[in-house]
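Colleague: Below are the sequence and a predicted model for it; my questions follow.
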Amino acid sequence: MVDFRSARFWIPLVVLAGFALLPVYAGLTGQSFYVTLFSRILIYALAAVALNFVLGFGGLVSFGHALYMGLGAYAVGILSFHGVTNGWVHLGAALLIGGLFATVIGAVVVRTGGMTFIMITLAFAQMGYFLAVSLKQYGGDDGLTIDARSLMGVVDFGNNTVLYYAILATLIAALWLFNRILGARFGFVLKGTKSNERRMLALGFPTLRYKLSAYVISAMVCTLAGFFLANFTKFASPSYMQWSVSGELIVIIVLGGMGTLFGPVVGAIVLLLLEEILQGWKPGIYPPFEEIVNKHWQLFIGLFVILVVLYAKRGVYGYFAEARRE
Amino acid sequence: MNAILEVKGMLKRFGGLTATDHVSFDVKHGEVHAIIGPNGAGKTTLISQLAGELRPDEGDISFEGRNISAATVPQRALGGLGRSYQISQVFREFTALENVMLAVQAHAGHSFSFIKQVAQDAALLAPAMEALRQTGLEPRAHAVVSSMAHGEHRQLELAMTLACKPRLLLLDEPMAGMSQKESEEMIGLIRSLKGRYGIILVEHDMDAVFALADRISVLVYGRIIVTGTPEEIRTNQAVRDAYLGEEGPA
């Protein structure tokens, strides 16, 4: 039951097709820099889509999902440090550790709600951050350099373009999976719990176990984003787990459209491109102002976020996708 | 007839206030047992303890012979206790049909199903449509709940409760805020359910109570002062003094 005329159908299609063609464009123009920029965008999009599953659809405002990106990155870093180069082992370890942490942390946090939930997820993420800082043998504060990317058999992560397509394929798979889950009984329970948890309990749903499962699924996809981030940067750093990264993911979701499946992808494109463009913006019309923009780009991003929140409550993607509906 | 629900010596205190004071009563199979009382008598507190949202400090609740005092809200709901709320507790962003489907789903085993789409799930759709038909909401199945009228919310409340296939209904003021005409429809609806479910009816609308109830318990300051047939309650002097006063039923 897909409506082929709706913006909710063709915006994702056009954007994903654009992603697929980008390396070709970069190859033709010799601008390999685009592939690295958009690899980063895809990684953040993957993490934000995962977070939005619990935040936008489940009403669980996690302010600590950067923890899971960090865990994924350290799984690659620490294993590589000890000479384990097999990428499937890296991947398995990342998902296992992410799932384990998420189950234990989730069992505590889903019992709370509202502001408590936000603060307690933040607290857990900060514990992860300081744990990483204290790991002196793995670089501590400075982070851990990874000698080579994960060995994934025929899929050669050493090639930037191959890595790019691997991340893109993962993002598409994640979007497909979340779309199915949200339309299935599990997603129905998740959305119902966000809407009215008291009623869900009275109907007979033990909501805790569903919230916990959703939290774990979301966290594990975030771990996957961390696995790619470590491969992409060849580096694992405590800064990946910093609260500001968790905040950035939330900003991406709000920018793109909370509670829309594809919104976080659009949000990641908008936010990361804007960062890139504002820092290097030199059209030469009035250089003193351009210098201010380049230097204080964060200020202008802040203004943009405020405008979106004020005038497009459903975010950039939500604005276009909703406007076309009856 | 045996009792489907038996409450013995239930007590609930909030600080110095005794909201439920050694309440004992029962509901028989197919019986409508109404609970009336002035504002602040502790009617909703009583219902909440039956549903499991509040825990009594003392006393026992047994349902179909099993002691359920320690059961959680979802356990009681799955066990056959259906509750409708005084203030409509519905899923406002969903359609009426989706609201009832969710109620059906609650009783259709676990919901760890990730791939099969709900929109094509006949096991949810068919019983949900049936419950909507029963409550007269069928034509509004695809309306979004936030756009529906208050009276329709009340009907939906009941449709959701019925979709849970309960054996005992806890109806907390089903007529609250309804127009005269809507109230009459709701009375007809509850009358049509009579005999099939045990029903605890908490209601302010005296016409409704005297039209529907087999037995009535009068709750005053958390204590049941008398239980009897509508006729006994109507003529009971203690009830008239404590509650019905001059504006008793005509």
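Modeller: That came through, no problem.
Colleague: Neighbouring strands - and their directions - for the host helix or strand of residue B:25?
Modeller: Remark: residue B:25 resides in strand B:17-28, with elements defined by DSSP states H and E. The strands that strand B:17-28 pairs with in its sheet are strand B:3-14 (antiparallel) (by DSSP bridges).
Colleague: Contacts only, for the closest residue to chain B within chain A.
Modeller: Residue of chain A nearest chain B, by Cβ to the nearest Cβ: residue A:204 (3.5 Å). For glycine as for every other residue, the C-beta is placed from the backbone atoms N, C-alpha and C. Counting by Cβ atoms under 8 Å, 6 or more residues apart in numbering or on different chains, residue A:204 touches B:74, B:77, B:78, B:106, B:107, B:164.
Colleague: for the chain, what spans make up the helices?
Modeller: Since no chain was named, I'll use chain A. Assigned by DSSP state H, the helices in chain A fall at A:7-29, A:33-55, A:66-81, A:87-109, A:114-134, A:160-183, A:185-195, A:197-203, A:207-233, A:243-256, A:263-279, A:287-295, A:297-311, A:315-323.
Colleague: actually chain B
Modeller: Using DSSP H, helices in chain B cover B:43-51, B:73-79, B:96-106, B:122-134, B:150-163, B:180-193, B:206-212, B:230-235, B:237-239.
Colleague: follow-up on the earlier one: residues contacting the strand holding residue B:25, please?
Modeller: B:1-13, B:33, B:42, B:45-46, B:49, B:56, B:58-59, B:168, B:198-200, B:217, B:219, B:221-224, B:227.
Colleague: Are any of these buried, and if so which?
Modeller: B:3-8, B:10-12, B:33, B:42, B:45-46, B:49, B:56, B:59, B:168, B:198-200, B:217, B:219, B:222, B:224, B:227 (16 or more other Cβ atoms under 10 Å in any protein chain shown).
Colleague: who in chain B is up against chain A?
Modeller: Proximity of chain B to chain A, by Cβ under 8 Å from any Cβ of the partner chain, involves residues B:51, B:53, B:72-74, B:77-78, B:83, B:85, B:89-94, B:98, B:101-103, B:105-107, B:111-119, B:121, B:160, B:164.
Colleague: Contacts only, for the spatially closest residue to residue B:151 that is not a sequence neighbour.
Modeller: Leaving out its chain neighbours, the residue that sits closest to residue B:151 by Cβ to Cβ, 6 or more residues apart in numbering or on different chains is residue B:182, at 4.0 Å. Listed by Cβ under 8 Å, 6+ apart, the contact partners of residue B:182 are B:151, B:154, B:175.
Colleague: ok, residue B:182 to residue B:107 distance?
Modeller: Applying Cβ to Cβ, to the nearest Å, the value for residue B:182 to residue B:107 is 28 Å.
Colleague: do the same with residue A:319
Modeller: Separation of residue A:319 from residue B:107 (Cβ to Cβ): 39 Å.
Colleague: can you check residue B:12 too?
Modeller: 29 Å.
Colleague: Kindly report the same for residue A:309.
Modeller: As judged by Cβ to Cβ, residue A:309 and residue B:107 stand 41 Å apart.
Colleague: and what of residue A:110?
Modeller: Relative to residue B:107, residue A:110 is positioned 23 Å away (Cβ to Cβ).
Colleague: Tell me which of those two has more neighbours.
Modeller: residue A:110 (23 against 18; other Cβ atoms under 10 Å in any protein chain shown).
Colleague: What residues does residue A:36 make contact with?
Modeller: By Cβ under 8 Å, 6+ apart, the contact set of residue A:36 is A:160, A:232.
Colleague: let's see 7 Å
Modeller: Contacts of residue A:36 were listed using Cβ atoms under 7 Å, 6 or more residues apart in numbering or on different chains, and they are residue A:160.
Colleague: One more: residue B:105?
Modeller: With contact taken as Cβ under 7 Å, 6+ apart, residue B:105 is in contact with A:185, A:188, B:111, B:124.
Colleague: what residue lies at the spatial centre of chain B?
Modeller: residue B:171 (1.8 Å; Cα atoms, centre = their mean).
Colleague: For the chain, which residues score under the pLDDT cut-off?
Modeller: With no chain named, the answer covers chain A. Scanning chain A for pLDDT under 70 picks out A:1-2, A:323-326.
Colleague: looking at chain B here, not the other one
Modeller: B:1, B:243-250.
Colleague: Give the burial count for whatever residue of it ends up closest to chain A, as a bare number.
Modeller: Per Cβ to the nearest Cβ, the residue of chain B with the smallest distance to chain A is residue B:77, at 3.5 Å. A count of nearby residues for residue B:77, using other Cβ under 10 Å, gives 27.
Colleague: Nice, that's everything, thank you.
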